[in-house]
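Chemist: sequence below, structure please.
(4 chains)
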Amino acid sequence: MNKLMSLTQAVEIIQDNDTVGIGGNVLHRAPMGLVREIARQGKKGLHIVKTAGAMDVDLLCLAECVSSVDAGFISYETEYSLAGHYRKAVQNGVVKGNEHACYTVISALRAASAGIPFMPVKGLQISDLIEVNDYFTRIQDPFSGEPVTVVKAIVPDVVILHVQEADKRGNAKILGPIYDDVLLSRAAKKVIISAETIVPDSKFEFSQDKADIPHFLVNAVVHLPKGAAPCSCPSKYSIDRGKLDTFKALKSKEELLDYLDNFNTADYRRY
Amino acid sequence: MNKLMSLTQAVEIIQDNDTVGIGGNVLHRAPMGLVREIARQGKKGLHIVKTAGAMDVDLLCLAECVSSVDAGFISYETEYSLAGHYRKAVQNGVVKGNEHACYTVISALRAASAGIPFMPVKGLQISDLIEVNDYFTRIQDPFSGEPVTVVKAIVPDVVILHVQEADKRGNAKILGPIYDDVLLSRAAKKVIISAETIVPDSKFEFSQDKADIPHFLVNAVVHLPKGAAPCSCPSKYSIDRGKLDTFKALKSKEELLDYLDNFNTADYRRY
Amino acid sequence: MMNTIGNENYQVSDIMICAMARLIHNGENVFHGVSSHMPMLAVMLAKALHAPEAVYLNIPGGVDPKPKNLEKYTSAGAELFQQAAAIFPLAEVFDLSMRGRLDVAFLSGIQFDKTGNVNASVIGDYHKPKVRMPGGAGSAVLIPTAKRAIIWRTKHDKRTFVEKVDFVTTRGNIDRIVTPLCIFKYENGELLLDTIHPTSNLQEVIDNTCFEVKYRSIEFTPLPSKEELTILRRIDPKNYRNIEF
Amino acid sequence: MMNTIGNENYQVSDIMICAMARLIHNGENVFHGVSSHMPMLAVMLAKALHAPEAVYLNIPGGVDPKPKNLEKYTSAGAELFQQAAAIFPLAEVFDLSMRGRLDVAFLSGIQFDKTGNVNASVIGDYHKPKVRMPGGAGSAVLIPTAKRAIIWRTKHDKRTFVEKVDFVTTRGNIDRIVTPLCIFKYENGELLLDTIHPTSNLQEVIDNTCFEVKYRSIEFTPLPSKEELTILRRIDPKNYRNIEF
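Modeler: Predicted coordinates for the structure are as follows:
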């Protein structure tokens, strides 16, 4: 089945108040084209899930698309410092910041992937996080009687990923670090993929290097070169410092919408 | 660290009464050289773990090495029919056959890999298996209050795997189907690898195709061409029907020991 | 077993496999496991005919493989990796079913009773088995979670279709049970006779079934079409579909 | 911050990184996460010197990568994939720690108290945070499970080393806390002063620490050796180790 569609069509799959998982890690292979389109379409009330997010979550917070963020870490790395828009949104009570260890996000997604309601987590032992969050609790190991902390499953309604290669059916290949993208694709109800390159259907079939994400998990494929920019896309491009700096200096949603216009040509080009 | 050693040395790592996970699936890429050496060394009381085993488990049962088997399926496939030695050992009460769904073995190994004492399993709902086995039980999902079946973790003391390529440090690459080998390597305390080919340390480093099992999980590497025979080894050889037929006709442990002598040249060749 | 009907020779395995293939709809995610030559061929047949976009999942993990040659001794080998576009191995197929997204799972079992209980485990006492069976493989978790579990069994006798199974391995979403004599369907908590193979008859089904054979109407399983048979013979030139007989 | 001692110029970051590197033993499994240039360089330095067989684990998942060029903006990028022999990504590193086999995890935090509580989460009330921090990343699960958690923090002040943390994100196997002034070690349930950097002194540590600074004896952190400095400068020619200062 041909699932190639425009960026606009693909993002229309996302509904207000959906739980949305985002691929990549900090400034690497974040699906920024899809994120921008979410902002342009003015989605509301999204529940964002990511182990470690940066510009993606920061932008969606500035665009007022977000209701909550479940994550282990939301910040740029050292050089680019904190995610100011996210921070402000949480401090103002606009966005609920649900703190996880990155691993408890992974565990919650693994639970979703296995269709189970919760996942035991070894490492979360003595922690105020257990008491203040309703997605953690302690139960008894029925075999030993010992206490064990568990995290509630997180089932993303939609997951958005940017990859280097996909075919039009949705088979997708990630070059370099995979981060939690494969897990996200298994945990989600729907998967939207943007890809640097659309490869022929035969490519993965005749290669030793098979797709990481099989087509039947994928609902939409968008051909989007530079779809991770201004974040990096391994083997394709590094970060775009100019566009990152400009973004970090934005002060309002209005400025953001202007900023997004700069990407219109790239995001809406038809191939 | 150079972990290359002889078959004899490698199998000496296994202790009587150990829980031993076995790689491969039915007649595919079973670590038969390692299995044969376990039989020759006369290990006792082993607790075998495998999703779907065939000749490997059958041979160890005939060799009287086995105390219990946790598996979803122990049999040859249709053409080669049942695993007669395993069957007899269970029916005589010599071996305890702990029946799992293949998936509950996977879930139990995933629990081991994550250091947690149990794993919820969605699919096991109405089943006498839950009542008759002490490794299954029902608990309450603390979030919804609904009942959920859980399986107890299985932590293999040692896992034995046969792969096509390994370097002397223990980085190992599986060509073709991986089955549950990667999971086993993560669940186990120790890993013993036999390999068709010992590749230079630099091979994986300079290839896009990285090792599936990283060296630091591996305790022993044995250079053992034909180490899966008479089972198949994808991209190397198919089953050896003559040796399989001969094995299936064996009647006693004594006959087995004679049979194993036929492999001495291959198993003990030094490279 | 070769049956001549009209001018065509039909093996019972042909009839069973074509019936199983027709149960697969286009676009569905379909899985079979070990010792499953008949389902393997049914999936390939369905994909070659009415269900080209059915997604073929299997133990080795090749998604939609295009095997050059099948092997007699296995339905879980590297053949099912050939020309696959993506890898989705057994553990992930199970996960898929657990989260409700596996459409069809082909499974077997050793005893079935009228209310849809499946015994895939043991004859006699679990702890002191009279006969130790291979084990139910995925049945215990897939029959309740796959949207439709299609059971095939090459024996249809009173030891298989019993009043009450010795052991309840599982029960759940049975769609059909395909035997050498007939097809049962599972509706409202009981097994009903769906169709009788033209090579058998109602009395034979009744004589070989312990529980009362109920049905809405007497229907016969359509014979394999010429096209189905042609493709089946091309996919399985060595007649591996018959090894269970 | 550049300090001249004898004929050599030392940055505090040099001293901290060399101290962190020396805490890594040969053959150990060692991990660091995001925003972690200093640990990244400490691991590379240790592997180049006394711990060539330390196993370098990281977020992208390259095992023992040999990056050609580091990047200023990240310690979680594809550089840490280059020339890796095997792939072992973040999720698996966590698993490894959960089952007790991660030897060293480099982590940070925002507040530490005398009894070893770590706050990596929030200043003020959790539900109405005065300052929303980035989040503790792996700290909450790694500090209790890694055999040795090595904390580094480039701020040493009374807001960091407090009587009582605002929020207990976690506590556990802290081995050392390396700061710009000194190194604490964790023994018998309390933080003790281990060594003072030669660029600081006891009074400065006391003045910048809320809790009572206890010690067995006054020891100084060894200065980076010539060899350490040479290699560190070669690994990090652009002085990224100093970006947190």
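Chemist: next, see if stretch A:72-85 gets close to chain D.
Modeler: Yes. Counting by C-beta under 8 Å from any C-beta of the partner chain, chain D is contacted by stretch A:72-85 at A:72-80, A:82-83. All C-beta spots, glycine's among them, are computed from the backbone N, C-alpha and C.
Chemist: what about that stretch, how long is it end to end?
Modeler: 17 Å (C-alpha to C-alpha, to the nearest Å).
Chemist: spell out which parts of chain A neighbour chain B.
Modeler: Close to chain B, as judged by C-beta under 8 Å from any C-beta, chain A has residues A:107, A:111, A:114-123, A:137, A:139, A:141-144, A:146, A:148, A:150, A:152, A:208-209.
Chemist: could I have the buried ones of the residues you listed as PyMOL selection syntax?
Modeler: This is how PyMOL selects the buried members of these, with burial counted by 16 or more other C-beta atoms under 10 Å in any protein chain shown:
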select buried, chain A and resi 107+111+114+115+116+117+118+119+120+121+122+123+141+142+143+148+150+152
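Chemist: so which of the residues of chain A next to chain B belong to strands?
Modeler: Residues of the residues of chain A next to chain B located in strands (DSSP state E): A:118-121, A:137, A:139, A:148, A:150, A:152.
Chemist: ok, which pair from those is furthest apart?
Modeler: The two members of these with the most space between them (C-beta to C-beta) are A:148 and A:152, at 14.0 Å.
Chemist: number of nearby residues for the closest residue to residue A:108 other than its chain neighbours?
Modeler: Spatial nearest neighbour of residue A:108, chain neighbours left out: residue A:154 (4.0 Å); criterion: C-beta to C-beta, 6 or more residues apart in numbering or on different chains. Using other C-beta atoms under 10 Å in any protein chain shown, residue A:154 has 24 neighbouring residues.
Chemist: same thing with residue A:83?
Modeler: Neighbours around residue A:83, by other C-beta under 10 Å: 28.
Chemist: please verify my assumption that it contacts residue A:71.
Modeler: No. In this structure, residue A:83 is not within contact of residue A:71 by C-beta atoms under 8 Å, at 10.2 Å.
Chemist: any shared contact partners between the two?
Modeler: A:53, A:57 (C-beta atoms under 8 Å, 6 or more residues apart in numbering or on different chains).
Chemist: now whichever residue of the stretch 101-250 of chain A sits closest to chain D, what are its backbone angles?
Modeler: The stretch 101-250 of chain A approaches chain D most closely through residue A:123 (2.8 Å), counting by C-beta to the nearest C-beta. In terms of degrees, to the nearest 10, the main-chain angles of residue A:123 are phi -80, psi -20.
Chemist: please apply the same query to residue A:163.
Modeler: phi -130, psi 170.
Chemist: check contacts around the closest residue to it other than its chain neighbours.
Modeler: Spatially, and ignoring its direct neighbours in sequence, residue A:163 is nearest to residue A:172 (4.6 Å; C-beta to C-beta, 6+ apart). Each residue near residue A:172 by C-beta under 8 Å, 6+ apart is listed here: A:161, A:163, A:165-166, A:185, A:193, A:195, A:211-213, A:218, A:221.
Chemist: which of those residues sits closest to residue A:227?
Modeler: So of the contacts of residue A:172, ranked by how close each gets to residue A:227 (C-beta to C-beta), first place is residue A:195, at 7.2 Å.
Chemist: wait, isn't the residue of the stretch 101-250 of chain A closest to chain D in contact with residue D:136?
Modeler: No. Using C-beta under 8 Å, residue A:123 is not in contact with residue D:136, being 11.5 Å away.
Chemist: overlap in contacts of these two?
Modeler: residue A:101.
Chemist: how about the helices in chain C?
Modeler: C:12-22, C:37-48, C:90-98, C:139-142, C:202-207, C:226-235 (DSSP state H).
Chemist: in a markdown table, list the ones you listed along with mean pLDDT, distance to chain B and mean neighbour count.
Modeler: Formatted as a markdown table, those follow (pLDDT from 0 to 100; distance: least, C-beta to the nearest C-beta, whole Å; neighbours: other C-beta atoms under 10 Å in any protein chain shown):
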| stretch | mean pLDDT | distance to chain B | mean neighbour count |
| --- | --- | --- | --- |
| helix C:12-22 | 97 | 12 | 24 |
| helix C:37-48 | 98 | 6 | 25 |
| helix C:90-98 | 98 | 4 | 25 |
| helix C:139-142 | 96 | 3 | 31 |
| helix C:202-207 | 98 | 24 | 14 |
| helix C:226-235 | 96 | 17 | 16 |
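Chemist: distance to chain A for those helices - can I get that in JSON lines?
Modeler: JSON lines is the format used below for the helices of chain C (distance: least, C-beta to the nearest C-beta, whole Å):
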{"stretch": "helix C:12-22", "distance to chain A": "19"}
{"stretch": "helix C:37-48", "distance to chain A": "13"}
{"stretch": "helix C:90-98", "distance to chain A": "3"}
{"stretch": "helix C:139-142", "distance to chain A": "10"}
{"stretch": "helix C:202-207", "distance to chain A": "37"}
{"stretch": "helix C:226-235", "distance to chain A": "18"}
